[in-house]
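Q: structure for the following, please:
(one chain, ligands or ions: 1)
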Amino acid sequence: MSAVYNDAASAAASALAPPASDVATVAVIGMGYVGLPTALALRDAGFPVVGIDISEQRLDAIRSGAVDLLDRDRPRLTEALRSGLLDLTSELRALAAADAVIIAVPTPVDDDFAPDLRAVHAACGAAVMHARAGQTIVLTSTTYVGTTQELLVEPLTERGFTIGEDIHVAFAPERINPGDALWEQATVPRVLGGATQACAEAAAQIVAATASKLHVVSSPEAAELTKLQENTFRAVNLAFANEMAAAAGFYGVDPVEIVEAASTKPYGYLAHYPGPGVGGHCIPVDPYYLLAPLRDGGVPSPVTESAMVAVAGRPAAVADRALALTAERGIADAGARILLVGVAYKPGVEDHRESPALRIAGRLARRGAQVSYHDPLIPTVDIPGAGTQHSVVAPDAADYDLVVVAVVHPEHHYAFLADAEHVLDATYRTPGGQFRHAL
Ligand SMILES: NC(=O)c1ccc[n+]([C@@H]2O[C@H](COP(=O)([O-])OP(=O)(O)OC[C@H]3O[C@@H](n4cnc5c(N)ncnc54)[C@H](O)[C@@H]3O)[C@@H](O)[C@H]2O)c1
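A: Below you'll find the predicted structure:
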C-alpha cells in the first residue's frame, strides 16, 4: 500500500506493512478536521486508536456522527465507533497507554495575525508529561520552524529520555484538503522529518497509514519549513491571481480565460484563480508562522509580507466595491439591500471558518447595509455585526440592490442569478446579471 523513498527511510520501508496492530495503540490529540480522518485512517490500517480532544462538544458530535466528513468517511466512522477500535476521551492521561501519539491541534493566529501557540503548547506539554519509554510522538500541526525541537525534543530530553533510543519524535505536516473527494488524505504523499534517523523510521510506521507514500527529509525543521513553503506559495500566488484579475479588468478581458490559456503551458506555470479572498484556516494563517520568526530574526520577506497584506485586505476591498456600486446608483450604504451568494470558505464545503465571504458580510453590515445570504450548504451563520442569519432558500433577485457572488458550490443551481439586475461576481465565473460589475 504505502511506500517510503529516500535514504533516511529505507529501513522503514521494509517495516511498513502490515502495522503491528496487536501492540501499537495510537493516540490522536485533537479530533478536528485533521485528527478525525487521521484516526479513521489509522483504525482502518489496524491500529487501535484513542481520539483525545479537550472539547466534550466535539467528542459528542463525533459520537453522533454530526461532523463534517466526506460521504465515504461516514461509514468508516460508524464502523470505527461500533468496532471499539476508536475510543474517544477528553482525558489526557490516556496518552500514557499509547504506543504512538499524533498531535493535530489547531495553530491559528490572533486578531493581529500573531501565531496563537496555546493549543500546540498545551498538547505538546501533555504529550511530554505523559510520555513513556517506547513511544513515538509525531507533531502534525502546521507551525513555526523549531517547534518540534522546542516543545518536544528539548523537554523530553530534560525529562531524561534519550531521543531516538528510548523515545522517538518527528514532524510530519498534514496536507489534507477537507471536502476534497479527489485528493482524499490517503492519496496524498506526506513529508516527514525525524529528530534522528531512528525517529524517522519509527514515525514512518505510523504515518504511512495516512498517506500514499512518504518523503523523508533530514530533520523536523526541514519538514516544518516544507509545510510553510507549500502554503505560503499558495497564498502568494492567490494574491497575484487577484492582482492579475485587476490587470485583466483594466484591459477589458476575462481573467479566468487568461489563467486557462496560461495553463496550457506544460511547465513553469501553475493555475491560481482570483476570488473574494483566501479562505480556510491554513492559507490565510500559516504564512504568519513563517513571517513572525523571520521578522524577529531581521530576515526581510517583502514578497510574502505584501501578499499577506493583499490577502487580508481582499474581503474589505470586495465589500467596499459593492457599496461603491450601490452608491453610484444613489443608494445609501445604510439600507442597501445586498444578497451575498456563498459563505463557505471554498466551494463544496460546509466549513465557514476563516471565510472571506463572512468578512465581506461583516464589513457590509458594519457600514449599514442589509445583508442577506444564500448558501445551500450552510443553513445558518453568524454574521459579525448582523447577528444570526438564515440562508435565503429561493432568493428573488428583485429584492436586492446588488448580488455579490463569493462562492458557488458544485452541483447546486443558481438560476436566480439570471434575474439579478446588478451582480458583482468575485468568482469571475458565474453567468447572469443584467449589469455585471468588475472588482
Ligand atoms: N483543516 C485543514 O485543512 C488542515 C490541513 C492541513 C493541516 N492543517 C493543520 O492541522 C492542524 C489541526 O487543524 P484542524 O483543522 O484539524 O483544527 P480543528 O480546529 O478542526 O481541530 C482541532 C481540535 O483540537 C482540539 N484541541 C485544541 N486544543 C487541544 C488540546 N490542548 N488538547 C486536545 N485537543 C485540543 C479542538 O477542540 C479541536 O477539536 C492545524 O495546525 C492546521 O493548520 C489543517
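Q: where does the residue in the stretch 301-439 of the chain that the ligand sits nearest to land on pLDDT?
A: Closest to the ligand within the stretch 301-439 of the chain is residue 353: 7.7 Å, counting by CB to the nearest ligand atom. C-beta coordinates here come from the backbone N, C-alpha and C atoms, glycine included. Listed pLDDT for residue 353 reads 83.
Q: tell me the contacts of the closest residue to it other than its chain neighbours?
A: Leaving out its chain neighbours, the residue that sits closest to residue 353 by CB to CB, 6 or more residues apart in numbering is residue 281, at 5.4 Å. Counting by CB atoms under 8 Å, 6 or more residues apart in numbering, residue 281 makes contact with 106, 108, 353-354.
Q: and residue 281, its phi and psi?
A: Note on residue 281: backbone dihedrals following degrees, to the nearest 10 are phi -110, psi 20.
Q: in three-state terms, how would the residue in the stretch 151-300 of the chain that the ligand sits nearest to be classified?
A: As assessed by CB to the nearest ligand atom, the ligand sits closest to residue 174 within the stretch 151-300 of the chain, at 3.9 Å. The assignment at residue 174 comes out as coil when based on DSSP: H, G, I helix; E, B strand; the rest coil.
Q: show me where pLDDT drops low in the protein?
A: Low-confidence segments of the chain (pLDDT under 70): 1-23, 179, 433.
Q: what's the burial count for whatever residue of it ends up closest to the ligand?
A: Nearest residue of the chain to the ligand: residue 32, at 1.7 Å (CB to the nearest ligand atom). Neighbourhood size, residue 32 [other CB atoms under 10 Å]: 21.
Q: same question, residue 226
A: Using other CB under 10 Å: residue 226 sits among 17 other residues.
Q: need the contact list for the nearest residue to residue 385 once chain neighbours are set aside.
A: Nearest residue to residue 385 in three dimensions, chain neighbours excluded: residue 365, at 3.7 Å (CB to CB, 6+ apart). Contacts for residue 365 (CB under 8 Å, 6+ apart) come out as 371, 383-386.
Q: ok, residue 337 next?
A: 369-370, 372, 399-402.
Q: including distance to residue 164, could those go into a markdown table?
A: Listed next are these as a markdown table, based on distance: CB to CB, whole Å:
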| residue | distance to residue 164 |
| --- | --- |
| 369 | 59 |
| 370 | 62 |
| 372 | 58 |
| 399 | 65 |
| 400 | 62 |
| 401 | 65 |
| 402 | 61 |
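Q: show me where the stretch 251-400 of the chain has its strands.
A: Ranges of strands in the stretch 251-400 of the chain, per DSSP state E, counting those that start in this stretch, are 337-341, 370-374, 380-383, 387-390.
Q: pull up the pairing partners for the last one, direction included.
A: When you say that, I think you mean strand 387-390. Here strand 387-390 has these sheet partners by DSSP bridges: strand 380-383 (antiparallel).
Q: which residues touch the partner strand?
A: Residues contacting strand 380-383 (CB under 8 Å, 6+ apart): 343, 352, 358, 361-362, 365, 371, 373, 375, 388-391.
Q: most neighbours among these, please name it.
A: residue 361 (29 neighbours).
Q: for it, which non-adjacent residue is spatially closest?
A: residue 383 (4.5 Å).
Q: pull the number of nearby residues for the one you found.
A: Around residue 383 there are 21 residues (other CB under 10 Å).
Q: same check on residue 382?
A: 13.
Q: repeat that for residue 109.
A: Neighbour number of residue 109 under other CB under 10 Å is 18.
Q: want to throw the strands of the stretch 251-400 of the chain into TSV with distance to the ligand?
A: Formatted as TSV, those follow (distance: least, CB to the nearest ligand atom, whole Å):
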stretch	distance to the ligand
strand 337-341	23
strand 370-374	23
strand 380-383	17
strand 387-390	21
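Q: can you redo those strands as TSV with distance to residue 154?
A: Below are the strands of the stretch 251-400 of the chain laid out as TSV (distance: least, CB to CB, whole Å):
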stretch	distance to residue 154
strand 337-341	48
strand 370-374	48
strand 380-383	41
strand 387-390	45
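Q: check which residues of stretch 171-185 are buried.
A: Of the residues in stretch 171-185, 171-179, 184-185 count as buried by neighbour count, 16 or more other CB atoms under 10 Å.
Q: pick out the most distant pair among those residues.
A: Farthest-apart pair in the buried residues of stretch 171-185 is 171 and 179; separation 25.1 Å (CB to CB).
Q: contacting residues for residue 317?
A: residue 439.
Q: is it true that residue 305 touches residue 288?
A: No: taking contacts as CB atoms under 8 Å, residue 305 lies outside contact range of residue 288: 10.3 Å.
Q: between these two, who's got more neighbours?
A: residue 288 (26 against 14).
Q: just checking, the more buried one touches residue 113?
A: Yes: proximity of residue 288 to residue 113 meets the contact threshold set by CB under 8 Å, at 5.0 Å.
Q: between the two, which contacts overlap?
A: In contact with both residue 288 and residue 113: residue 308, using CB under 8 Å, 6+ apart.
Q: coming back round to it: need the buried ones from the contacts of residue 337 selected in ChimeraX.
A: Buried subset of the contacts of residue 337, written as a ChimeraX selection, criterion 16+ other CB under 10 Å:
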select :369,370,372,400,401,402
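Q: which of the contacts of residue 337 sit farthest apart?
A: Across the contacts of residue 337 (CB to CB), the longest gap, 13.6 Å, separates 369 and 399.
Q: so in terms of bridging, what pairs with the residue nearest to residue 361?
A: Beta-bridge partners, per DSSP bridges, of residue 383: residue 387.
Q: spell out which parts of the protein neighbour the ligand.
A: 29-35, 52-55, 58, 104-107, 119, 122-123, 141-142, 174-176, 178, 281-282 (CB under 6 Å from any ligand atom).
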